[in-house]
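**Q** how would this look folded up:
(chains A and B)
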Amino acid sequence: MLDALGEPQSVLVLGGTSEIALATIKEMPRHRLSRVLLAGRPSESLDSAVAQLQALNIAGVEAIEFDAKNTETHGGIIDTAFDGSDIDIVILAFGLLGDQMTAEEDPSHAVEIATVNYTGSVSAGLHVARRLKNQGHGALVVLSSVAGDRARRTNFVYGSTKAGLDAFAQGLDAALAGTGAHVLIVRPGFVRTRMTSHLPEAPMTTNPEDVAKIIVTALKKGKSTVYAPGPLRFVMAGLKALPKPIFRKLPN
Amino acid sequence: MSEAVATQLSGWGRTMPTVAQLVEANSPGQIAELVQQANSRGVLARGLGRSYGDAAQSGGATVIDMTTMTDFSLNPDNMSVTANAGASIDSILREIVPRGFFVPVSAGTRIITVGGAIAADIHGKNHHRDGSFGAHVTELTLIDGLGAQHTLTSKDPKFWATVGGMGLTGVITSATFTVIPIASSYITVDTERGNDLDDVMSRMFARDHEYRYTVAWIDSVSSSGRGVITRGDHATIQQCNLDGIKDPEAYDPKNIATAPALVPTGALNKWTVRAFNEGWYRKHPKERIGELQRISAFFHPLDGVQEWNRIYGPSGFLQYQFQVPDAAGYLVGMALSKLREIGAPSFLTVLKRFGPGNRAPLSFPQSGWTLAVDLPAGIPGLGRALDQLDALISAEGGRLYLAKDSRQSPTNFARTYPRLGEWREIRDTMDPNRVFASDLSRRLKI
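**A** Coordinates of the predicted model:
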């Protein structure tokens, strides 16, 4: 349960190795947490994510097996997680950046990106929403992206999956109105993570810790969408309004 | 059967709301049925929602609104009231005060139910001599976790598990408690000011036992910890006559005002509270003997302002009430200075002395001091400061009041209620399937 100051006791991360999700957990008062579930495919990096949080004296950290692509297993995994105790915050953090050029040449790569980022999120998101509604409280944090705000030549496969996810999350939030549960949509710009380490940095680049701070503050305020960094909201509003010929001439 | 409606519920502090299926109670039979048909989220009874934290809410559960079962009757011959659990102390007082009786224990608000008074084992300004509410209950009926109805008396451990049991042993449907005879609806009040906290505490220590009712208000903003002690007893007819009071038995408390619906966050801040406290301190004379005050003014001054909890704005507030033994009285001053350090403004800061506790394993009061502080939830550093205080208080054998708590950790709770294990054993016999659950019980893993 959240306490009067909005501090959570239990968190479930779908995509347990996400640097943004892990930074978000570290941003929460550690001694309040008594159950942190990191869901992902069994791997060394998942084990090390668990170890990283345990080393910070966070209680009740465990890894659970979860594959975004195996949508038929989502219901069971999420039910087991919620049967253990109420979950205050679920972070839907899995995602695949992929490679745009490869995707264009080999559509099966594009399908994989779409399956993980969109199909997997729709499946997991609906199962989580069902359980949040049942417990009458809780937040689902959806890691969307500014890439979904307007499709760009250089990453439109990834961007389109985030656009779909974002629209899904907006609708899910509407569906949860009055149930005590809600959705927080987070739209980061370029974040320095493993996923982007091979790419040149864009303007307004942030670190996972910056995004984490924004998420924790937004959760306390009960917001439904946030950009990271915050001013990106206005940049993206401007970009969305640009006429196509000008938008296409912008450096990517 | 009345229909369940998805309803957002929170405590009086208006923090951490959750949504439950709210059903109006209409009979013990219907309540038993609701208990038997409970889903995995369980069942909880709710009264008038004056607990500050999460005690009377339960996300996803069936929450039974008890305030629809309000019948009660006074038995003047054996000086007792038998009431349905949803009857409010307010309605009972309106009936019994003009007939010359008063409740044995009165909290800071009369807008509470009999069921809630038992479940929280409320205390009042007379705890040092009369104990808490549970001590005056002679019998209660309860529907347990299997839907069976029981009548319990103080000989039964289940009775004491229910007193202070926060609604987790069953749904209390009715109770009988003793009332005290009074000669008038007035209190004769002695007031004295203390220049600083030491002065206030030594005056209380020295003379509280001479009065039936006593309490001190502390100026939490002033670094001195100065305060105003008010003590009193029920006035006799002669005292009323001497003062020229025409209607010594009349009792008809009215609402003076209603707080506005929308108050911006931060309206209550260091400066407004400082101004209020200065005025409140100055308003009281250095010493005054035998002033007659109406019962409502003495016991329930805040009830005159409807929905006063809104003045804290949308982020809500919490009340931090702890108890420490006499030997740890220094923690009262330490708590006040810690809260002053982080700039936490409180205008309702109340200090009292407790007498010995009772047999109820989860009852809050124990001999010593109790301090209650109202705090806006949005103050930076509040969580850390209160966690530090929790640790100091628990190290000295003190604890927090569950009807007020909204943030302590499960470990702090378990450490400070050492009879929790004993209570759980009794609870397991009353509710083997753990049907009764609240957000409080989930948060504290009770």
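
**Q** quick one: the helices in the stretch 151-252 of chain A, in order.
**A** All helices of the stretch 151-252 of chain A, identified by DSSP state H, counting those that start in this stretch, fall at A:156-176, A:208-221, A:232-241, A:244-249.

**Q** just checking, what packs against the first one?
**A** Put plainly, it is helix A:156-176. Under the contact definition 3 or more CB pairs under 8 Å, 6 or more residues apart in numbering or on different chains; DSSP states H and E, helix A:156-176 sits against helix A:100-105, helix A:107-114, helix A:121-135, strand A:138-143, strand A:181-188. C-beta here means a position set from N, CA and C on the backbone, and glycine is covered the same way.

**Q** equivalent analysis for the second one, please.
**A** The helices and strands touching helix A:208-221, judged by 3+ CB pairs under 8 Å, 6+ apart, are helix A:19-27, strand A:138-143, strand A:181-188, strand A:225-228.

**Q** quick check: which of these is buried the most?
**A** Of all the helices and strands packed on helix A:208-221, strand A:138-143 carries the top mean neighbour count, a mean of 26, counting by mean count of other CB atoms under 10 Å in any protein chain shown.

**Q** identify all contacting residues around that strand.
**A** The contact list for strand A:138-143 (CB atoms under 8 Å, 6 or more residues apart in numbering or on different chains) reads A:18, A:20-21, A:24, A:86-93, A:95, A:121, A:125, A:128-129, A:132, A:165-166, A:169, A:172, A:180-186, A:188, A:215, A:219.

**Q** please enumerate residues in contact with the lowest-mean-pLDDT helix or strand in chain A?
**A** Using mean pLDDT, DSSP states H and E, helix A:244-249 stands out as the lowest-scoring helix or strand of chain A, at a mean of 90. Contacts to helix A:244-249, defined as CB under 8 Å, 6+ apart, come from residues A:Arg150, A:Arg153, A:Leu239.

**Q** up against chain B, what does the stretch 51-200 of chain A have?
**A** Taking CB under 8 Å from any CB of the partner chain, the part of the stretch 51-200 of chain A that reaches chain B is made up of A:Ser85, A:Asp86, A:Asn134, A:Gln135, A:Gly136, A:His137, A:Gly178, A:Thr179, A:Gly180.

**Q** check the residues you listed and tell me the two furthest apart.
**A** Taking CB to CB as the measure, these span a maximum distance of 23.7 Å, between A:Ser85 and A:Gly178.

**Q** the more surrounded of the two?
**A** Shown here are A:Ser85 and A:Gly178; by other CB atoms under 10 Å in any protein chain shown, A:Ser85 has more neighbours (16 against 11).

**Q** which bits of the stretch 301-446 of chain B sit near chain A?
**A** B:316, B:318, B:377, B:382-384, B:387, B:406-407, B:409-410, B:439, B:442-443.

**Q** so which of those residues are in strands?
**A** Counting by DSSP state E, these place B:Leu318 in strands.

**Q** show me which of the residues of the stretch 301-446 of chain B next to chain A are buried.
**A** With neighbours counted using 16 or more other CB atoms under 10 Å in any protein chain shown, those contain these buried positions: B:Gly316, B:Leu318, B:Ala377, B:Leu382, B:Gly383, B:Asp387, B:Ser406, B:Arg407, B:Ser409, B:Asp439, B:Arg442, B:Arg443.

**Q** tell me, what's the model's pLDDT at the closest residue to the fifth one other than its chain neighbours?
**A** The one in question is B:Gly383. Setting aside the residues directly before and after it, B:Gly383 is nearest to A:Leu5 in space (CB to CB, 6 or more residues apart in numbering or on different chains), at 4.8 Å. The predicted local confidence for A:Leu5 comes out at a pLDDT of 93.

**Q** A:Leu5 against B:Leu382, yeah?
**A** Yes - at 6.5 Å, A:Leu5 counts as touching B:Leu382 under the criterion of CB atoms under 8 Å.

**Q** tell me where chain B has helices.
**A** Using DSSP state H, the helices assigned to chain B run over residues B:28-36, B:89-96, B:114-119, B:127-130, B:157-162, B:197-207, B:237-242, B:270-283, B:295-299, B:330-341, B:382-395, B:410-416, B:420-430, B:439-443.

**Q** just name the most buried of those helices.
**A** By mean count of other CB under 10 Å, these have helix B:114-119 as the most buried, with a mean of 30.

**Q** for the residue nearest to B:Gly383, what are its contacts?
**A** B:Thr15, B:Leu318, B:Ala377, B:Leu382, B:Gly383, B:Arg407.

**Q** go again using 7 Å as the cut-off
**A** B:Ala377, B:Leu382, B:Gly383, B:Arg407 (CB atoms under 7 Å, 6 or more residues apart in numbering or on different chains).

**Q** confidence score at the third one?
**A** Note on B:Gly383: pLDDT of 94.

**Q** any idea how far it is from A:Glu7?
**A** In this view, B:Gly383 and A:Glu7 are 6 Å apart by CB to CB, to the nearest Å.

**Q** name the residues contacting each of the two.
**A** Counting by CB under 7 Å, 6+ apart, the contacts common to B:Gly383 and A:Glu7 are A:Pro29.

**Q** contacts for stretch A:191-206, please.
**A** For stretch A:191-206, contacts defined as CB under 7 Å, 6+ apart pick out A:19-20, A:97, A:188-190, A:207-208, A:211, A:228-229, A:232, A:235.

**Q** ok, now with 6 Å
**A** Stretch A:191-206 has contacts (CB atoms under 6 Å, 6 or more residues apart in numbering or on different chains) with A:Glu19, A:Leu97, A:Gly189, A:Phe190, A:Asn207, A:Pro208, A:Val211, A:Ala228, A:Pro229, A:Leu232.

**Q** burial count for A:Glu65?
**A** Quick note: A:Glu65 (other CB under 10 Å) scores 13 neighbours.
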